[in-house]
Every structure is written in C-alpha cells, then in structure tokens.
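In: I would like to see how this sequence folds:
(one chain, ligands or ions: 2)
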Amino acid sequence: MRTYLITGGAGFIGSNFILYMLNKYNDIKIINVDALTYAGNLENLKEIEKNSNYGFVKADICDNEKIEEIFKNNDIDYVINFAAESHVDRSIKNPEIFAKTNILGTVVLLDIAKKYWQDGEGFIEGKKYLQVSTDEVYGSLGDDGFFHEYTPLDPHSPYSASKASADMIVKSYIDTYKFPANITRCSNNYGPYQFPEKLIPLVINNCLEGRDLPVYGDGKNIRDWLYVEDHAKAIDMVINKGRLGQIYNIGGHNEKQNIEIVNIIIDTLNQILDENDVRKKYISDKLIKYVKDRKGHDRRYAIDPSKIKDEIGWYPETCFEEGIKRTIKWYLENEEWLKNITNGEYLNYYSEMYE
Ligand code: NAD
Ligand code: DAU
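Out: Numbers count the residues shown, from 1 in each chain. Ligands and ions are numbered 1, 2, ... in the order given. Alright, predicted model coming up:
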C-alpha cells in the first residue's frame, strides 16, 4: 500500500485532493499534516475522517522534529506539499510568515525526505516529492501570450516571491542531489471549501449577506480559472506519470476578467435561488463596488497546459459554466460551513482589509 504524506490537507485544495484520492483508491494510505492555521479546517474532511486509510497529524512543516517523527514511523512513498500561506493580500500586509512557511517549510520537508529516501548512492526507486506551486511565479502577462514551463520567473508579490523561492530550492535539490521531484504550477482554483478571502467565495458570501462586492482597480485583471477537482486529478496523474525533475503547468484554458466573474456569480445565484428567496431582492450588480487596487496587482495570468496534456494526457474537464454552478450550489447547501468560518477572526480580517 503506497503512503502519501499530504501537507496542508485541511486547506482548500489539499482537502479536495484527499477527498478525491480516497474516493478513487482504496489501496492507498494518506497522512495529512497540517498546522491548522486560519485557513485549515478539519470540517472539510468529515466525510473521510473515519476511513482507516487516513490519518491526521497537527504539525507545522517548519518543525523538523515532528516531520522527522512521521518519516521515522511510516514508510512514506510520496510527499505532496500543499501547505502554504496562500493569500496575496495577506502577504502584502505581513510577508514574514510567507517566507517561513513557504520557503523554510519546503526546505525542512525536502531535507527530511532526502535523508529517509536515500539508498546507498541514490534514491529508493518509486519515491517522489511534488511541490504544489503557482502560475504567479511567472509574474504578469500583457494582452497576448501564455505562461510556459520555460517562461522566466518574475514574481511580484511577497506570496509569489516566496513560492518562486521554494520552486528554486526544489530545483536545486533536483539538480544537486538528483532528488526525485516534480513541480506543478497551477492557475486560480475554485470550488467547494475555498476560504472566503479569495475572490469567488468572497463574492458568493457577500451576495448572500447583501454586502458590497469589492472589485479591485478597474476589474479588468484576468485570471485563468480551474475547477479544483481537475487540479486534484492533475496532481494524481503527475505523481503517477510525471517524468522526474520536470515542471508541469496546469491551467483551465479559461480566462476571465474579475468583473465578468462577479457578474456571472450574480446571474447564477439569481438563477439558482428559489423564486421566493428574499435574498433575490438585493442580489444584483448594484452591490458591485470598485475599490482601491491591490498593490503590485498582476494584470493577466494564462497557462499553456500543452506539456501536461501531451506527456501525461491531462486536460481540464470542467467548463466554467458547469464548475461555477456546482460551486455556488455547494456554498448554498453548506451555509453552516460558511457561517462557522466567517465568524470571529474572519470579521476582524474583513474590516481591516476592506476598511
Ligand atoms: P489554503 O490557504 O486554503 O490552505 C493552506 C493549508 O496549509 C491550510 O490548511 C493551512 O492550515 C496549512 N498550513 C499553512 N501553514 C502551514 C504550516 N506552516 N505547516 C503546516 N500546514 C500549514 O491554500 P490552497 O488555496 O488550498 O493552496 C494550496 C497550495 O496550492 C498552496 O501551496 C498554494 O500556493 C497552491 N496554489 C493555490 C492556488 C489557488 O488558486 N488556491 C493555485 C495554485 C497553487
Ligand atoms: O494564480 C494562482 C493563485 O491564485 C494562487 O497561487 C493563490 O494562492 C490564490 O490565492 C490565487 O491568487 P489571486 O490573487 O489571483 O486570487 P484572489 O482570489 O485573491 O484574487 C483573484 C483576482 O480578484 C485578483 O485579480 C484580485 C481580485 N480581487 C480579489 C479579492 C479578494 C478583487 O477584485 N476583489 C477582492 O475582494
């Protein structure tokens, strides 16, 4: 039975990945290591918490001793590093924690995996480390063109700079030690369990509460949206079929301006909500409020996913129309989940960020 060490598995993409994997395979073991920051929520994993192939360890990936203990007690085959501080706006206010978790945490994982996976001169066959990175490491595009795996790194925010640094460290282990690893760089994800600090869940939540919908700058920045389950599938495929040492871009071929996203959410909510739902009275474009732009705001992201398609056979399966409907329905069916995480600390964050 292959054993996966998943870091950050209580976050948005990590929890979707664990659910995807345990629904798909019954002959794998998953150990989820998560520090449970504001973004980590074990409620996401309720469905599988009693699965005998699943275990949870509360630990910081920067904690050498705890991570080493996991390797000592388990024969880890794969490490998939989702754990990170992931929100650009927070990184602009408080970069230090981004450097710690995203860079130092990656070094700790690499070092311990390197120690336990070595077999004489080389590495034990079949072991693999996967660094979950982002298209933001490439910087920003103009009106044309795409990010390719060979596009030079040009990060602008403290978040993307920390992710680019981590990528460079992983690359240095590949080049120096022939460490068995892949790096994946994905575009913007959306779907169930995303924390409502990110554009799509924030807009859904604000619509439901009749709050303003804050649109940064002119609203014409472009992101390339990917349904989170498609990302989970891509990672599974890269673990199984990715050539060691390679980088794979993962993208949705689905570019949209932010203002388009906001309008699609307003329209879709109005289609889905029951005719008599009182919230329909206030969910309209009148809620849209243009606010001060994000500092250093990247203009456009767009991924060329042809390498992962040609080499591994992955392509984005969920069209945006379908994915956004599923996502909005999920938030409507899980308003309790949303309420639980938008209490307390979230309110402080919100009033500070959008004051
Ligand atoms: P998230 O913020 O929802 O989740 C991050 C998880 O990591 C949380 O569970 C948190 O508790 C945990 N964590 C944070 N610091 C930790 C630490 N020091 N030790 C252990 N656990 C820690 O993030 P996400 O959106 O799920 O992103 C997951 C990964 O994917 C990140 O590496 C991110 O850079 C990358 N990524 C995200 C997107 C996106 O659109 N969300 C796109 C491309 C890449
Ligand atoms: O591209 C991949 C990246 O996507 C990931 O690496 C990051 O972890 C993830 O957070 C995401 O980063 P973005 O900055 O693109 O996502 P966010 O949802 O924060 O913002 C999307 C766009 O919407 C961006 O152009 C900023 C804008 N925005 C965001 C918020 C929160 C608004 O206009 N208003 C808002 O309130």
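In: Tell me, how many residues neighbour the residue of the chain found nearest ligand 1?
Out: Closest residue of the chain to ligand 1, CB to the nearest ligand atom: Gly11 (2.0 Å). From N, CA and C alone the C-beta is placed, and that goes for glycine too. Here the count is done by other CB atoms under 10 Å, and Gly11 has 24 residues near it.
In: Now it: closest residue in space, sequence neighbours ignored.
Out: Ala39 (5.1 Å; CB to CB, 6 or more residues apart in numbering).
In: roughly how far apart are the one you found and Tyr227?
Out: Using CB to CB, to the nearest Å, Ala39 is found at 20 Å from Tyr227.
In: Which residues of the chain lie near ligand 1?
Out: 7-8, 10-14, 34-37, 39-40, 60-62, 82-86, 101, 105, 132, 134, 163, 186, 188-189, 195 (CB under 6 Å from any ligand atom).
In: List buried residues within these.
Out: Neighbour counting by 16 or more other CB atoms under 10 Å classes 7-8, 10-14, 34-35, 37, 39-40, 60-62, 82-86, 101, 105, 132, 134, 163, 186, 188-189, 195 among the residues of the chain next to ligand 1 as buried.
In: these two touch, right, Ser160 and Thr134?
Out: Yes: if you go by CB atoms under 8 Å, Ser160 and Thr134 touch, sitting 6.7 Å apart.
In: A helix includes Val33, no?
Out: No: with DSSP: H, G, I helix; E, B strand; the rest coil as the criterion, Val33 is strand rather than part of a helix.
In: and the residue of the chain closest to ligand 1, what is it in contact with?
Out: Listed by CB atoms under 8 Å, 6 or more residues apart in numbering, the contact set of Gly11 reads Asp34, Ala39, Gly40, Asn41, Phe82, Ala83, Ser86, Phe195.
In: ditto for Tyr4
Out: Contacts of Tyr4 (CB under 8 Å, 6+ apart): Met21, Ile28, Lys29, Ile30, Ile31, Ile76, Asp77, Tyr78, Val79, Ile80.
In: quick one: the helices in the stretch 1-150 of the chain?
Out: Counting by DSSP state H, counting those that start in this stretch, the stretch 1-150 of the chain has these helices, from start to end: 12-24, 64-73, 88-93, 96-98, 105-117.
In: a markdown table for those, including mean pLDDT?
Out: Converted to a markdown table, the helices of the stretch 1-150 of the chain look like this (pLDDT from 0 to 100):
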| stretch | mean pLDDT |
| --- | --- |
| helix 12-24 | 98 |
| helix 64-73 | 98 |
| helix 88-93 | 98 |
| helix 96-98 | 98 |
| helix 105-117 | 98 |
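In: and these as JSON lines, adding distance to Ile250?
Out: Putting these into JSON lines (distance: least, CB to CB, whole Å) gives the following:
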{"stretch": "helix 12-24", "distance to Ile250": "11"}
{"stretch": "helix 64-73", "distance to Ile250": "26"}
{"stretch": "helix 88-93", "distance to Ile250": "19"}
{"stretch": "helix 96-98", "distance to Ile250": "22"}
{"stretch": "helix 105-117", "distance to Ile250": "19"}
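In: rewinding a little: go through the contacts of Gly11 and flag which are in strands.
Out: Asp34 (DSSP state E).
In: and the contacts of Gly11 as CSV, adding distance to ligand 2?
Out: Shown next, in CSV, are the contacts of Gly11 (distance: CB to the nearest ligand atom, whole Å):
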residue, distance to ligand 2
Asp34, 16
Ala39, 10
Gly40, 14
Asn41, 16
Phe82, 10
Ala83, 12
Ser86, 4
Phe195, 9
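In: Just put the contacts of Gly11 in a markdown table and tack on pLDDT.
Out: As requested, the contacts of Gly11 are exported to a markdown table (pLDDT from 0 to 100):
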| residue | pLDDT |
| --- | --- |
| Asp34 | 98 |
| Ala39 | 97 |
| Gly40 | 96 |
| Asn41 | 95 |
| Phe82 | 99 |
| Ala83 | 99 |
| Ser86 | 98 |
| Phe195 | 98 |
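In: picking up where we left off before, out of the contacts of Tyr4, which one sits closest to ligand 2?
Out: Ile80 (15.7 Å).
In: how about the nearest residue to that closest one, chain neighbours excluded?
Out: Leu130 (4.7 Å).
In: Report the beta-bridge partners for that neighbour.
Out: Ile80, Asn182 (DSSP bridges).
In: Just the pLDDT for it.
Out: pLDDT for Leu130: 99.
In: Could you pull up the residues touching it?
Out: Leu130 touches Tyr78, Val79, Ile80, Asn81, Ala181, Asn182, Ile183, Thr184, Ile235, Val238, Ile239, Gly242, counting by CB under 8 Å, 6+ apart.
In: Any chance you could note which residues of the stretch 101-250 of the chain sit beside ligand 2?
Out: So far as CB under 6 Å from any ligand atom goes, the stretch 101-250 of the chain lies against ligand 2 at 134-136, 187-188, 198-199, 202, 214-216, 221, 223.
In: what's the closest of those residues to Phe147?
Out: Set against Phe147, the nearest of those by CB to CB is Asp135 (5.4 Å).
In: What count of nearby residues applies to that closest one?
Out: Counted with other CB under 10 Å, Asp135 comes out at 26.
In: now Ile341
Out: 19.
In: Is it in contact with Tyr193, as I believe?
Out: No: contact between Ile341 and Tyr193 fails when scored by CB under 8 Å: they sit 9.7 Å apart.
In: what residues are shared contacts of the two?
Out: With the criterion set as CB under 8 Å, 6+ apart, the overlap between the contacts of Ile341 and Tyr193 is Asn41.
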